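Asker: Provided below are the primary sequence and the corresponding predicted coordinates.
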Amino acid sequence: MTNRGNRRSSVFYDDFDREAYLELLEETRRYFPFYLHAYCLMTNHIHLQLETIHHHPKDIMKMLNSRYAMYFNKRHRLVGHVFQGRYGAELIDSAEYLLEVSRYIHLNPVEARMVKSPIDYRWSSYFAYITSIENPHVTTAKILSHFPEPKKENYCKFVEESVNIIPSKS
């Protein structure tokens, strides 16, 4: 899933907004359980690689986006739409595409020239994929299951060698 700020404006002004978004993500997950495989919170857009269990993605995104918009507008004394239209979504129908989407999400801050390496970007799930530190928002098992041991190191190579980054040490 992807969602962009209205008129490409920021959807996060600071780290407090990002923390609030992740809290609302977890609230939403309690109502509509899902697996979150990867995420990246950029300044003016969001990437979520999620797998639904029993509910349609529209229910998940409606709750998450509306609650975040109410929070954001109240905190920043704004009115109107926070997000630009409906969220974007694509069906992931193969293991190859599952991995490509994950890599794309984790490289988004590098491609945007915000950081030199995805490990340097705090607001994505990448750190959970290449270190032993768990991230309560994301489950890494499905994606890492496609890599031989050492899984985390091989995932790191898969992501970082695609853009000629010197792989991070985990």
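Answerer: Yep, that arrived.
Asker: dump the residue contacts of the residue nearest the centre of the chain.
Answerer: For the chain, residue 39 is the residue whose C-alpha lies nearest the centre (Cα atoms, centre = their mean; 1.3 Å). Neighbouring residues of residue 39 by Cβ atoms under 8 Å, 6 or more residues apart in numbering: 46-49, 105, 124-125, 137-138. Bear in mind the C-beta positions are built from the backbone N, C-alpha and C, glycine included.
Asker: buried residues in the helix or strand where residue 47 lies?
Answerer: Residue 47 is located in strand 45-52, with elements delineated by DSSP states H and E. Residues of strand 45-52 classed as buried: 45-50 (neighbour count, 16 or more other Cβ atoms under 10 Å).
Asker: got the contact list for it?
Answerer: Applying Cβ under 8 Å, 6+ apart, the contact partners of strand 45-52 are 1-5, 11, 21, 25, 32, 34-40, 57, 60, 92, 101-102, 104-105, 108, 142.
Asker: following element in sequence after that strand, please.
Answerer: helix 57-75.
Asker: distance from the chain centre to that next one, please.
Answerer: The chain centre lies 16 Å from the centre of helix 57-75; the measure is Cα atoms, centre = their mean, to the nearest Å.
Asker: what does it contact?
Answerer: In contact with helix 57-75 (Cβ under 8 Å, 6+ apart) are residues 1, 3, 11, 16-17, 20-21, 24-25, 27-28, 31-32, 34, 50, 52, 78-83, 87, 89.
Asker: which other helices and strands contact the following helix or strand past that helix?
Answerer: As assigned by DSSP H and E, the chain's next helix or strand after helix 57-75 is helix 95-111. Contacts defined by 3 or more Cβ pairs under 8 Å, 6 or more residues apart in numbering; DSSP states H and E place helix 95-111 against strand 34-41, strand 45-52, helix 141-144, helix 151-160.
Asker: please consider this matter closed, and thank you.
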